[in-house]
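Peer 1: my questions concern the predicted model and sequence given below.
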Amino acid sequence: MWNTLSRMLRTGLLTEPLPKLSEARSVVEGLPLEPMQQNLLNILGRALCIRHVDAGSCNGCELEIQALGNPYYNIEGVGIKFVASPRHADLLLVTGPVSVNMEEALRRTYEAMPEPKLVIALGDCGACGAAFGSSYASRGGVSNAIPVDKTVAGCPPSPPEILRAILDLIRPAADEV
């Protein structure tokens, strides 16, 4: 124990210093965080609420979704949050090929969402079923079960790609309102 403690004291902190608040930039657009949050508030009038559904994935996409919540991407700091109920959601984020067992649950989740319903199929599996395709156990891509507004390719897609897709989907929806 003493060896470990003395090594820690000799080495010091190995993390990078936090950026100054005035230098903090969005990963997606290079906007300062305050204008990005203001844009979301102008578009929606409140925070963007996302409901995530795993329809049968390998959890690779879920790891990237969870990375959006870390301090580097900080999506909650710009007004995007995940909710537990589809009745409170503006956007449905679906990962994985739709398994036969999850098809009905996915449809019910989609039907419980208020209008306008926005859906993103995340990853290659969500887009087309990828290696799983359509079989006795899988319906394939998300679009085979519910309408999809946008797909994000990749296995798994990176957090900036996911965030970019969310923002690209929100902007046209704001023009309709």
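Peer 2: Everything's here; your move.
Peer 1: now do the helix or strand hosting Ile170: which elements does it pack against?
Peer 2: Using DSSP states H and E, Ile170 sits within helix 159-176. In terms of contacts (3 or more CB pairs under 8 Å, 6 or more residues apart in numbering; DSSP states H and E), helix 159-176 is packed against helix 33-44, strand 48-54, helix 60-67, strand 91-95, strand 118-122, strand 150-152. Any C-beta I mention is one placed from the backbone N, CA and C, and that applies to glycine too.
Peer 1: hmm, which helix or strand of the chain has the shakiest average pLDDT?
Peer 2: helix 33-44 (a mean of 63; mean pLDDT, DSSP states H and E).
Peer 1: tell me the pLDDT at the residue most central in space within the chain?
Peer 2: Geometric centre of the chain, nearest residue: Ile65, 4.7 Å, by CA atoms, centre = their mean. Ile65 is assigned a pLDDT of 91 by the prediction.
Peer 1: burial measure for the residue nearest to it when sequence neighbours are not counted, as a count.
Peer 2: Among residues not flanking Ile65 along the chain, His52 sits closest, at 6.2 Å (CB to CB, 6 or more residues apart in numbering). Applying other CB atoms under 10 Å, we find 19 residues neighbouring His52.
Peer 1: could you do the one 5 residues further on as well?
Peer 2: When neighbours are defined as other CB under 10 Å, Ser57 has 23 of them.
Peer 1: the nearest residue to it once chain neighbours are set aside and Thr4: what is the separation?
Peer 2: Once flanking residues are discounted, Ser57 sits nearest to Gly96: 2.7 Å by CB to CB, 6+ apart. Noted for Gly96: a distance of 41 Å to Thr4, by CB to CB, to the nearest Å.
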